[in-house]
Every structure is written in structure tokens, then in C-alpha cells.
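Colleague: Sharing a model that was predicted from the sequence below.
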Amino acid sequence: MNIPPWNPAEERYPAESFVRARAQLAATLTGAPLEALKDEIDLAEQQSAQWSGAVASPDGLVDRERILGDVTGSSYVKLHRFQNEDADCKPRTPLERFPMDRARQAGWHMRGNIAASPFVSLVEAPSKLVVSRDHWAKAIANNASALHTYTVPKSAVWTPDDVLSKIGSE
């Protein structure tokens, strides 16, 4: 199969398509944090600005905010965490390289061994923690001083079911 090379002139607004594709790759392949995603969009826009005017939108601009909104809406999720200090949401050790080892680390974290954990616990519905059967989660919800909201790449989220399926598949 002979695939012709990509020709920007054949697309309506290839500069915007290029920026959107770079943003989507940053979100899904690298799990880029939100600030890194914004930087990637800016960099891609700067690169596409060097192209001829024939490939830009009529006003010559790329709608960065719309691209950011579209990509975050499809590839990121808002999660919450009760904590006392901003540093409480920083992993304490590096993530293991191999999936099975990461699954073991996640399993230990789920059992309450968080002193040397590369994970942090986040939830979609923080109000459920107050009535949780998990005594650790309930204690955190009742004693933490603030509720923080994070926008996290979906590719970086591990649910308990994900952890159990990884451990069970090895």
C-alpha cells in the first residue's frame, strides 16, 4: 500500500489540525499535565505560524482555547482530594518501570502503605468519602482542612479495578 505524504495544502486549515493533533498526542501518549499541554499547544502554534498563509485559517490564528477545551474534555478528568498542604499531593517515590511492578505499588498504596508510594488517592465524588467503608478515606475526609481539585490525564488514572486486573493478568 502506497500512502502519499501529508500535504498541508489539501486540508482546509492544516495549521489548526496540526496543533490539535500535537495536543491530543501530548494528552494521550505522554499523559502531559495541564500546564505541559498548554505549552505543547503554544509550541505547535509557533511551529505552524512559520507555514505559508495558504494553510492557516482566514484570520491567521489558531484557536488555542478551543483546542485546549476540546482536548481536556476528551482526555482529562477532574478529580478531588482532601488534604492539608499542597505537598500532600506529591508522590513520594518514582513509579516503577514495568506494569506488574506498578500494579504491586498501587496495591500497597490501596492497603494504606503510602509512606513510599508513587501514587496519590483522588476521587470523583468527595462527598462519598465521608460515609465510606474505607476507614482511611473516611478519616482523611473528616480531618483534612481543604478539598483540592485536579485536572488529570485519563491515561494516568488507575482505578482499583485497573490495579486488580493488571495483577490478575500477569
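Modeller: Arrived safely, thanks for sending. Numbers count the residues shown, from 1 in each chain.

Colleague: Report the central residue of this structure.
Modeller: P153 (1.3 Å; C-alpha atoms, centre = their mean).

Colleague: what sits against the spatially closest residue to it that is not a sequence neighbour?
Modeller: Of all residues not flanking P153 in the chain, G31 sits nearest, at 4.1 Å (C-beta to C-beta, 6 or more residues apart in numbering). For glycine as for every other residue, the C-beta is placed from the backbone atoms N, C-alpha and C. Contact analysis of G31 by C-beta atoms under 8 Å, 6 or more residues apart in numbering lists 153, 155-156.

Colleague: Distance check, Q105 against E124.
Modeller: Separation of Q105 from E124 (C-beta to C-beta, to the nearest Å) stands at 22 Å.

Colleague: So for the two, which residue has more residues nearby?
Modeller: Legend: neighbour count by other C-beta atoms under 10 Å for Q105 and E124, higher for Q105 (22 against 10).

Colleague: Surely the more buried one and E96 touch.
Modeller: Yes: between Q105 and E96 there is a contact at 5.7 Å, judged by C-beta atoms under 8 Å.

Colleague: Now do the same for A36: its pLDDT.
Modeller: Residue-level confidence at A36 comes out at 91, pLDDT.
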